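> model this:
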Amino acid sequence: MSPKISEFAQSTGGSTVVAMRRAADALEAKGMKIVDFGVGEPDFDVPPPVSEAAIQAIQQGHGKYVDPAGLLELRAAIVDYERTRHRIKVDSSAIVVTNGSYGALSTIMRAVLDPGDEVIVIEPFWGPYRQMVKLSGGVPVGVAMPTVEGRFIVEADRIAAAVTPKTRAIIVNTPWNPTGRVLSRDELVGIADVAEKHDLWIIADEVYSELVYEGSEHISISSVSPDAASRTVIATSLSKSFAMTGWRLGYCIAPEALAPVLTKINHITTRCAASIIQYAAVAAFEYGLPFVEEMRNEYMERRNAVARGLNQIEGVICPLPEGTFYALAQIPEAWGGSKAVADKLLNESGVILTPGSAYGASCDHYLRLSFATSLETIAEGMNRLQRALPLS
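Below you'll find the predicted structure:
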């Protein structure tokens, strides 16, 4: 008989996206060709200057520990990038380099939550938010948002109604996975006003900040007012923007009092992000943005193809995504729950879609599609979906 496993750890759930991929792997092993619209991972290669910088770092022996807050040259590059691209005025002392945005978010949760504290999670939400809150001893509170003309919007009044004496923070994600929305200044100001009134932290996930399309603009909630800046801690990474998912490099931007706490937790949990990757990240900020622009232009073409193909299916409504590389398609309630629909499409048509139920109960009659894949793959996937749908 083995020793007991923590009930606390076992209380957290797994990933729906990973589960769908594993089910697809089993079908693929039997000979079915799979079209994958599930995984949120760029299919582009890392920009060549980044790979070259990593190789050079190895050759020059830069594989030693660095400061737990991050390589000084990298933090300086991040400061310049955030000031130039997102109008966020910070200095190097506000930056804490982490192992991806997962590392940034989990470090932030540990820094701001005590056991039993509640965190408002705007729904639809990226699933791991809930699990990170739980693993930090907190209680996630999903707050469902309404739709206008098929698009989810954020209503501050709904957030305010969910605040209790135990509420400690609000998680904000823009550009917004899974919806493809880019939150407006008015929406962000509304969230910031609730946080100020109730003295809450704002945890801002901005990993898709570079993936914003024409007609929309990424605005960091930290920039909407001095008070918002004082209570916002940003989590972001190079994974989506620079196609560096497996490199695991992210960072936090924190208010003055919080940054040293994040650094301490980062040190205790991981010591530091991989030094070689940090040297490569310096090159990403210095030389990689033209490659990001090329990727964004390609994503726009793919976005158009996905939305056009989905809207040709009777009963499906898919607003054109404003940002990210996700399309969120509404399906008729008569088809049944999103998990059953996604399972049927995988098993019968070989197409991986993520059921909206993974993002909260209010998103059950939706399916998320990642268009971080080639136009050829998108065309094949749309053909399969158009043959399989609508469901009778």
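
> longest helix in this protein, by residue count?
Assignment by DSSP state H gives helix 289-311 as the longest helix of the chain.

> which helices and strands does it pack with?
In terms of contacts (3 or more C-beta pairs under 8 Å, 6 or more residues apart in numbering; DSSP states H and E), helix 289-311 is packed against strand 326-330, helix 375-388. The way it works is simple: take the backbone N, C-alpha and C, and place the C-beta from them, glycine included.

> out of these, which one sits most buried?
strand 326-330 (a mean of 25; mean count of other C-beta atoms under 10 Å).

> got the contact list for it?
For strand 326-330, contacts defined as C-beta atoms under 8 Å, 6 or more residues apart in numbering pick out 40, 124, 150, 152, 177-180, 303, 306-307, 310, 316-319, 321, 356, 363, 365-371.

> just the buried ones out of those, please.
Among those, those classed as buried by neighbour count (16 or more other C-beta atoms under 10 Å) are 40, 124, 152, 177-180, 303, 306-307, 310, 316-319, 321, 356, 363, 365-371.

> re the thing from before, go through the helices and strands packed on helix 289-311 and name the closest to Asp227.
With C-beta to C-beta, the closest approach to Asp227 among the helices and strands packed on helix 289-311 belongs to strand 326-330: 31.1 Å.

> run the chain-centre distance for that closest one.
15 Å (C-alpha atoms, centre = their mean, to the nearest Å).

> pull the CA atoms of that strand into CSV?
Extracted C-alpha coordinates of strand 326-330, given in CSV (Å, rounded to 0.1, in the frame of the first residue of the first chain):
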residue,chain,number,x,y,z
TYR,A,326,-8.8,31.5,-31.8
ALA,A,327,-12.3,31.6,-33.2
LEU,A,328,-15.2,31.0,-30.9
ALA,A,329,-18.2,29.6,-32.8
GLN,A,330,-21.7,29.5,-31.4
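
> which SSE is immediately downstream of it?
Tracing the chain C-terminally past strand 326-330 and defining elements by DSSP states H and E, one meets helix 338-349 next.

> which other helices and strands contact that next one?
Taking 3+ C-beta pairs under 8 Å, 6+ apart as the contact cut, helix 338-349 packs with helix 16-29, strand 351-352, strand 354-355, strand 366-370, helix 375-388.

> can you put those in JSON lines and add mean pLDDT and distance to Glu298?
Shown next, in JSON lines, are those (pLDDT from 0 to 100; distance: least, C-beta to C-beta, whole Å):
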{"stretch": "helix 16-29", "mean pLDDT": "88", "distance to Glu298": "22"}
{"stretch": "strand 351-352", "mean pLDDT": "96", "distance to Glu298": "21"}
{"stretch": "strand 354-355", "mean pLDDT": "95", "distance to Glu298": "21"}
{"stretch": "strand 366-370", "mean pLDDT": "97", "distance to Glu298": "14"}
{"stretch": "helix 375-388", "mean pLDDT": "97", "distance to Glu298": "8"}
